[in-house]
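A.B. asks: Sequence plus predicted model, see below.
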Amino acid sequence: MLFCCCGRMASLVHSSALSCSRATAALAPLPSRGDCRALNNGGLRTDLGLCRHKSNLPLLRRTRCDAFGNVRAQAMSVGVETKIASKADVGESSLQFVKYHGLGNDFILVDNRKSSTPCISPEAAAKLCDRNFGVGADGVIFVLPGINGSDYTMRIYNSDGSEPEMCGNGIRCMAKFVAELEGITESRSYKIDTLAGLIVPKLMDDGQICVDMGTPILEAKKIPTTLEPTQDGAVVKAPLVVAGRSWNVTCVSMGNPHCVALLDANEDVYSLPLAEIGPLFEKNEVFPAKTNTEFVQVLSPSHLRMRVWERGAGPTLACGTGACALVVAAVLEGRAERDCLVELPGGPLQIEWRESDNHVYMTGPAEIAFRGTAYL
Ligand SMILES: N[C@@H](CCC[C@H](N)C(=O)O)C(=O)O
């Protein structure tokens, strides 16, 4: 897998067709091909892991094109100029993508509007998500044609290639991506079909996206969890022993499963050994479809702080469905109000579980990082 990137990652990489041709004369000679030979990555070829030289040189500062359209880039520290392979070098199929993130939860967005099947396999998606040998992301999102009266369909693969039903930060990114594809700049909403049903993100005038995330699912079997319900069929503050500690957990599905552990008020959520306990929750036998897990500190009834271990992706900087699930859980446990600021490692989300329609509303940002082409 080879790739080049250009666009708005201005501080790291900047390139465009125009600036590429203008820059040609100033370029130093290319190094011999052996200097940036492709690494073999399980069947896919990887050249310069997102502009990172295979010898672990720092990220490249600048990308320019030579007269033949090949992209070259300069390493930051030592001024070594390296060539990023072009499609012509490899003769393999290419994938155009745009990288977005929602509070650091990052995704490779693919325009898949010509087909109702994702254009790459889960295995290829996992390789693209690899942060050393690929583009690097928490998941790959495909924009497919709409079905059932929706504008578009969203499909997503986690970074391990598994397919979740929904992704909160991802759908905000998808809304921005779709607006860009359509050339829309004004505020509007989209009806997006997902494996979790219809979800409606709305682009706001201030650049944020407010998403109607639908109704939370509380019935144990539908989450799914085999934990015994404690409150009207819901699993609220149920004891669960993991890593030798007894936790009180509340289980909520936002289309995808979440296990929420609200901590005692004086316990610092950042003191938890997330990498150790996260996988033990994710693969616990009481969660037959595995689970995402949120650890939560209640700073006040309207201010919650969370860390997340995601199913199929591990620790991420933010999880939109997780933030929604934990507000529902905190309300059910009587520890929070229905409208809360949720502080995630990557930044804040505003979450409201509205009493009038039982829907959860999530408001937050989505930002473009860069555009690129991957050669598969
Ligand atoms: N980060 C996402 C959730 C992505 C899916 C999750 N890993 C799962 O397997 O359910 C979000 O923002 O909601």
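C.D. replies: Noted; the coordinates are in hand.
A.B. asks: can you give me how far stretch 239-246 is from the chain middle?
C.D. replies: Centroid separation between stretch 239-246 and its chain, computed with C-alpha atoms, centre = their mean, to the nearest Å, is 29 Å.
A.B. asks: I'd guessed residue 195 sits against residue 255; true?
C.D. replies: Yes. Contact criterion C-beta atoms under 8 Å: residue 195 and residue 255 qualify, at 7.1 Å. All C-beta atoms are positioned from the backbone trio N, CA, C, and that covers glycine.
A.B. asks: more crowded one of the two?
C.D. replies: Higher neighbour count among residue 195 and residue 255: residue 255, with 21 against 14, using other C-beta atoms under 10 Å.
A.B. asks: Need the overlap of contacts for residue 195 and residue 255.
C.D. replies: Common neighbours of residue 195 and residue 255 (criterion: C-beta atoms under 8 Å, 6 or more residues apart in numbering): 165-166.
A.B. asks: tell me the secondary structure for residue 180?
C.D. replies: Of the three states, residue 180 takes helix according to DSSP: H, G, I helix; E, B strand; the rest coil.
A.B. asks: for it, what are its contacts?
C.D. replies: 98, 368.
A.B. asks: what are the bridge partners for residue 259, then?
C.D. replies: Beta bridges link residue 259 to residue 251, residue 293, judged by DSSP bridges.
A.B. asks: was I right about it contacting residue 292?
C.D. replies: Yes. Here residue 259 reaches residue 292: they are 7.2 Å apart, a contact under C-beta under 8 Å.
A.B. asks: Counting neighbours, go ahead and name the busier of those two.
C.D. replies: For residue 259 versus residue 292, neighbours defined as other C-beta under 10 Å are more numerous around residue 259 (32 against 27).
A.B. asks: From residue 195, how far off is that one?
C.D. replies: Applying C-beta to C-beta, to the nearest Å, the value for residue 259 to residue 195 is 20 Å.
A.B. asks: How about residue 132?
C.D. replies: Taken as C-beta to C-beta, the span from residue 132 to residue 195 is 29 Å.
A.B. asks: repeat for residue 217
C.D. replies: Counting by C-beta to C-beta, the gap from residue 217 to residue 195 is 13 Å.
A.B. asks: Taking the stretch 1-150 of the chain, what residue is nearest to the ligand?
C.D. replies: Residue of the stretch 1-150 of the chain nearest the ligand, by C-beta to the nearest ligand atom: residue 105 (4.9 Å).
A.B. asks: Look up which residues are beta-bridged to that residue.
C.D. replies: residue 102.
A.B. asks: Up against the ligand, what does the stretch 251-376 of the chain have?
C.D. replies: Within the stretch 251-376 of the chain, the positions near the ligand by C-beta under 6 Å from any ligand atom are 256, 292, 310-313, 316, 319-322.
A.B. asks: quick one: contacts for the residue of the stretch 1-150 of the chain closest to the ligand?
C.D. replies: 138, 169-170, 316-320, 346.
A.B. asks: domains in this structure, as residue ranges please.
C.D. replies: 2-92, 95-212, 220-358 (automatic domain parsing).
A.B. asks: will you turn the ones you listed into CSV that also has mean pLDDT and distance to residue 372?
C.D. replies: Listed next are those as CSV, based on pLDDT from 0 to 100; distance: least, C-beta to C-beta, whole Å:
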stretch, mean pLDDT, distance to residue 372
domain 2-92, 33, 4
domain 95-212, 98, 6
domain 220-358, 98, 20
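A.B. asks: Nearest to residue 369 among the ones you listed would be which one?
C.D. replies: Between residue 369 and the domains of the chain, the shortest separation by C-beta to C-beta is 4.3 Å, and it involves domain 95-212.
A.B. asks: And the closest one, end to end?
C.D. replies: 31 Å (C-alpha to C-alpha, to the nearest Å).
A.B. asks: Compare the contacts of residue 105 and tell me which has the most neighbours.
C.D. replies: Going by other C-beta under 10 Å, residue 319 tops those with 37 neighbours.
A.B. asks: pretty sure that one contacts residue 308?
C.D. replies: Yes. Between residue 319 and residue 308 there is a contact under C-beta under 8 Å: 4.3 Å.
A.B. asks: what residues are up against residue 257?
C.D. replies: Counting by C-beta under 8 Å, 6+ apart, residue 257 makes contact with 223-225, 251, 287, 289-292, 311.
A.B. asks: now residue 325
C.D. replies: Counted by C-beta under 8 Å, 6+ apart, residue 325 has contacts 216, 252-254, 258, 260, 292, 294.
A.B. asks: let's go with 7 Å and repeat that
C.D. replies: Applying C-beta atoms under 7 Å, 6 or more residues apart in numbering, we find residue 325 in contact with 216, 252, 254, 258, 260, 294.
A.B. asks: what kind of secondary structure is it in?
C.D. replies: Relying on three-state DSSP, one would call residue 325 helix.
A.B. asks: Quick check: chain neighbours aside, which residue is closest to it?
C.D. replies: residue 258 (3.6 Å; C-beta to C-beta, 6 or more residues apart in numbering).
A.B. asks: The one you found against residue 322, yeah?
C.D. replies: Yes. Between residue 258 and residue 322 there is a contact under C-beta atoms under 7 Å: 5.7 Å.
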